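Colleague: no FASTA, just this:
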């Protein structure tokens with residue numbers, strides 16, 4: 001199925017017009033549902049909902065005057081509605097819309113001039129996604145697992161299938177380490193079967209969140225989950241999405257999983273997340289397609305070290321990730337102070353110590 005992306009003017013703002021060349025229709029999506037536009041168009045609606053915006057592919061995109069005239073003909077527009085519409089447009093322009101100039105600066109040029117978050121709706125959408133959709137589903141699943149009525153599936157096949165296409169080559173990735181805090185203490189106080197259930201549940205829920213943000217799970221190492229996000233096309237969007245994923249993981253652990261554990265008198269969980277971006281070599285240990293695949297690289301080592309130095313329920317990133325984050329996200333970080341004898345990594349371009357930033 002082949003799509004092309006066009007843009008038309010509707011209500012004085014841009015709309016995404018998605019054309020399906022194999023069928024005789026287009027999908028005209030209002031700007032209120034558009035989160036970001038780059039090589040990909042990111043929407044805040046599920047795929048099935050797109051179908052309700054279908055229209056004939058030969059129909060021209062409506063203008064604001066045409067839409068208002070159609071509504072007047074139907075008797076739906078009154079003076080108060082027009083005033084409210086103008087007010088909504090002004091609020092939308094101030095709070096949500098990113099101009100073409102700002103968009104170009106953020107995704108294709110220097111980011112220093114862009115100081116505003118492009119939309120408050122995206123934050124509200126993320127919060128709703130984190131706390132309601134994710135937490136509720138995971139609470140039910142964890143309860144059943146602890147009562148031995150549910151078994152988790154923690155397959156890494158999806159990540160292995162992706163890496164299989166890049167074996168023996170270098171590929172840019174954002175590497176994400178998610179480490180469980182306090183598992184050593186739990187191993188000394190909990191029965192083995194309960195500890196295994198909690199570790200497995202933690203690993204599966206983290207994996208599910210990573211995949212929900214279009215990331216991949218690389219492997220499970222003890223009580224840690226290692227994931228990655230391909231950053232080949234748009235590093236800015238990839239780093240933003242990786243940070244949002246890490247924040248979602250912390251939210252789900254705190255607000256979704258811990259309340260269930262508390263009800264059953266289990267210790268609460270905490271996590272720490274470390275991330276870095278760069279090229280990694282994809283290695284397959286064997287000659288057949290089922291042989292395990294891993295990645296090797298500077299960013300992999302940096303992410304692991306960053307995670308070990310991060311506090312509970314905090315996110316730390318290397319400077320290669322930090323410089324690509326949206327300015328509003330950057331404002332949530334502060335530079336991590338480190339002693340020279342505990343940090344050996346350097347910036348490969350400047351030769352100076354590689355900077356690390358952690359959430360406040």
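Modeller: Great, that's in hand. It should be emphasised that the depicted structure is a prediction, and the values quoted were computed from it without experimental measurement. Residues are numbered from 1 along each chain as shown.
Colleague: can you give me the helices for the chain?
Modeller: Chain-ordered helices for the chain, with DSSP state H as the definition, fall at 47-50, 64-73, 79-95, 100-108, 120-128, 135-146, 157-164, 183-189, 192-212, 235-252, 258-263, 298-308, 319-322, 327-330.
Colleague: for the record, mean pLDDT for the second one?
Modeller: To tie it back to what came earlier, the one meant is helix 64-73. In this model, helix 64-73 has a mean pLDDT of 50.
Colleague: ok, now the first one?
Modeller: This predicted structure assigns helix 47-50 an average pLDDT of 73.
Colleague: can you check stretch 267-274 too?
Modeller: Over the span of stretch 267-274, the pLDDT mean works out to 93.
Colleague: pLDDT weak spots in this protein?
Modeller: By pLDDT under 70, the weakly predicted segments of the chain are 1-25, 36-40, 47, 57-154.
Colleague: max-length strand in it?
Modeller: In the chain, with assignment by DSSP state E, the single longest strand is strand 270-284.
Colleague: list the neighbouring strands of it plus their orientation.
Modeller: Within its sheet, strand 270-284 is paired with strand 170-181 (antiparallel), strand 293-296 (antiparallel), strand 314-318 (parallel), according to DSSP bridges.
Colleague: distance to residue 53 and mean neighbour count for the ones you listed - can I get that in JSON lines?
Modeller: For every residue, glycine as well, the C-beta is placed using N, CA and C. Converted to JSON lines, the strands paired with strand 270-284 look like this (distance: least, CB to CB, whole Å; neighbours: other CB atoms under 10 Å):
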{"stretch": "strand 170-181", "distance to residue 53": "32", "mean neighbour count": "23"}
{"stretch": "strand 293-296", "distance to residue 53": "39", "mean neighbour count": "18"}
{"stretch": "strand 314-318", "distance to residue 53": "36", "mean neighbour count": "27"}
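Colleague: so which of the ones you listed comes closest to residue 245?
Modeller: Minimum separation from residue 245 across these (CB to CB) falls at strand 170-181, 7.1 Å.
Colleague: show me what contacts the nearest residue to residue 312 once chain neighbours are set aside?
Modeller: Take residue 312 and drop its neighbours on the chain: the residue closest to it by CB to CB, 6 or more residues apart in numbering is residue 270, 4.0 Å away. Applying CB atoms under 8 Å, 6 or more residues apart in numbering to residue 270 gives the contacts 180-182, 253, 312-313.
Colleague: if we use 6 Å, what do you get?
Modeller: 181, 312-313 (CB atoms under 6 Å, 6 or more residues apart in numbering).
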